[in-house]
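Enquirer: coords please:
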Amino acid sequence: MKKTNRKRTLLQFLSAVSALTFIALSVGPSPADAGFLDSLRGHPRPRFSRINVKKYTAADAYYYFSMAQMLRKKGDISGAITHYKKAIDVDPLSPLLYADLAHLYLRMGNTDLALDLLEKSRDVAPDYLPARLFLGELYSILHRGNDAVNEYEKAIELAPDNQKPYLLLGLLHAKRSDYESALEVLARLIERLPESVMGHYYIGRIEAERGNFSAAERHYKEAVEINPGFLSAYLELALVYERSDRIEEAITTYRKALKISPHDVAILKKLGNIFIRQKRFDDAIRQYEELKNIDTARLDAMTRIGLIYFEQKDYDKAVEEFRQILEEDPVREKVRYYLGTVYEEKGELEKALETFGKIPAGKGVFVDAKIHLAFIYERQGRLDEAAAAIRQAIDIKGGDTELYRLLSSMYRRAGRTKDAIATLKEAIKLDPENEELHFMLGVVYDEAGMWSECLAHMRKVVDINPDHANALNYIGYTLAERGIKLDEAERYIKRALAIKPESGHIIDSLGWVYYKKGEFDKAVAELERAIKYLPDDAIVVEHLGDAYLKSSNKKKAMDAYERAYRLSPDNESLKTKLENLKKELESE
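Expert: Numbers count the residues shown, from 1 in each chain. So this is what the prediction gives:
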């Protein structure tokens, strides 16, 4: 009886132990703690001091507890542990002491001792709710879910009118994706405590996660009806409306949330973003103007306003916003990037070059800035500078094969074929199975007159992707142009046509194969079909003229050549064909 009285007296002194809020990795018990651990496991209990326990009372236990609390606040965890142990030595039946000491061992990363202490706390006082909850959370974190469920269910039996064990159990089930069990537990809570705001709130969260938006809406509304100041429920309800594409109701709900928290930056941004998505730019600007009055959000709000002006093509106002931001915070390089983009859109290319050029290497927008510089240089005909800008971007982001493709294109435009080939080879080393890199390299080889290398890379493309219609067509057309392996060429082109049956270019290739094989009637039929898809393609029209000529239809050939020449007046070989045919017709 004395021990029981002492325990009850101490319970009156101590507050309930809070549930577990953190855990560290276990580092194992020290030798001294190992002895303490053994005592908890039923071994003979060691003394922590030469105290004669029988001389001490609950007040003595409370003294040690108070000292432990004081040392804990001062950060002396080791000293606090020592005093907790002394308190337990005096009063070994206090569940509170074991639970509090478990907290400290968790802070030290010793989960083994913490777990044993909590289990001891539960065993000495099975009806002590805080230990059940604390132990349930620790089991949960240690992935002992079934043990956690048992503790929470027992806690519900002990305190059926306390919502905390229901909530912890429901969230545990939800974490394990057992939504049905989670909803069943929370339904029990609502049945027992209909005014449980958190019960309704978490049911709403789970239903929203499952995509049951109508059920989620119903429970969020219950939560805010019970507690009209419950901000989180309003925010989740607004999100449900957004996900249900009920935008006006979302806006209304966010505005209700603002009445609770008038200067909430996150809510103001959400409203602004909704207005932007809805293309309601004037409403968005008003929202961000309100954000400008909040110091911590001022520059971000100005950035948004500048981007809205950019979207509206009101470039002068966008420039004004971005320049003001940079005056206040010169290291906002993303804003500098936006400013450069506005200048580029305005056609003020020198200002754009200057602005993009100020962005230092290492910043997130540096690569994008260099790409913009490259395109501006390209527009100005400064192709070597364009290539140099892309090379700088590659130096920062070397693994991006798209940059290599872009650089190769710049070299091609500049007539630097060898550099274009070398660049693509460099890219292929990074990504050997990239079909588009091989295709592009094949095209460059073709442009350089290296058709065998061209065919090798086009065949590689087909090896990687047997349904690459453009590569199949390229192989077939290249063979046809050279008048070799015409049956093979026809097979490749027909494979390509099966994939893209309405491609004018592939139909033209088939017609050209027939032409090269001397099957001129077939050639005419296919080339006339190709013209329907590509009426303004000079090469296709010229091919048709050639086919007409071989079919002894000189008048149609003349019409086709004249049409092709109008489309391509700089084509000297076509001009010669046209002149020769005219002479033939005149002499007849």
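
Enquirer: So which bits of stretch 279-290 are buried?
Expert: Within stretch 279-290, the residues that qualify as buried by neighbour count (16 or more other CB atoms under 10 Å) are 281, 283, 284, 285, 287, 288, 290. Heads up, the C-betas are built off the backbone N, CA and C, glycines and all.

Enquirer: Quick one: residues contacting the closest residue to the second one other than its chain neighbours.
Expert: Beyond its immediate neighbours in the sequence, the residue positioned closest to residue 283 (CB to CB, 6 or more residues apart in numbering) is residue 275, lying 4.3 Å away. For residue 275, the set of contacting residues under the criterion of CB atoms under 8 Å, 6 or more residues apart in numbering consists of 281, 283, 284, 287.

Enquirer: again, only this time at 7 Å
Expert: Counting by CB atoms under 7 Å, 6 or more residues apart in numbering, residue 275 makes contact with 283, 284, 287.

Enquirer: List the buried residues in the helix or strand harbouring it.
Expert: Assigned by DSSP states H and E, residue 275 belongs to helix 265-277. Neighbour counts using 16+ other CB under 10 Å place 267, 268, 269, 270, 271, 272, 274, 275, 276 of helix 265-277 among the buried residues.

Enquirer: Quick check: pLDDT value at the third one.
Expert: When you say that, I think you mean residue 269. Residue-level confidence at residue 269 comes out at 94, pLDDT.

Enquirer: Quick check: chain neighbours aside, which residue is closest to it?
Expert: residue 291 (7.1 Å).

Enquirer: wait, isn't the one you found in contact with residue 301?
Expert: Yes - Residue 291 lies in contact with residue 301 (CB atoms under 7 Å); the separation is 3.6 Å.

Enquirer: domains in the chain, as residue ranges please.
Expert: In the assignment given by automatic domain parsing, the structural domains of the chain cover 360-452, 466-588.

Enquirer: Redo the ones you listed as TSV? Include mean pLDDT.
Expert: As requested, the domains of the chain are arranged in TSV below (pLDDT from 0 to 100):
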stretch	mean pLDDT
domain 360-452	94
domain 466-588	95
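
Enquirer: looking at these, which is closest to residue 81?
Expert: Of all the domains of the chain, domain 360-452 sits nearest to residue 81, with 47.4 Å by CB to CB.

Enquirer: The closest residue to residue 357 other than its chain neighbours: how many residues sit nearby?
Expert: If you skip the residues right next to it in sequence, residue 357 has residue 373 as its closest partner in space, 6.9 Å away by CB to CB, 6+ apart. Residue 373 is flanked by 26 other residues according to other CB atoms under 10 Å.

Enquirer: show me the contacts for residue 373.
Expert: Going by CB under 7 Å, 6+ apart, the list of residues near residue 373 reads 353, 356, 357, 389.

Enquirer: Derive a PyMOL selection command for the buried subset of these.
Expert: For anyone working in PyMOL, the buried entries among those, judged by 16+ other CB under 10 Å, can be selected with:
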select buried, resi 353+356+389
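
Enquirer: Flag every buried residue along stretch 147-159.
Expert: Judged by neighbour count using 16+ other CB under 10 Å, the buried positions of stretch 147-159 are 147, 148, 149, 151, 152, 153, 154, 155, 156, 159.

Enquirer: wait, doesn't the first one sit right on residue 139?
Expert: What it means is residue 147. Yes - checked against CB under 7 Å, the pair residue 147 and residue 139 is within contact range at 4.2 Å.

Enquirer: nearest to residue 500, of the contacts of residue 373?
Expert: Within the contacts of residue 373, distances to residue 500 taken as CB to CB reach their minimum at residue 389, with 35.5 Å.
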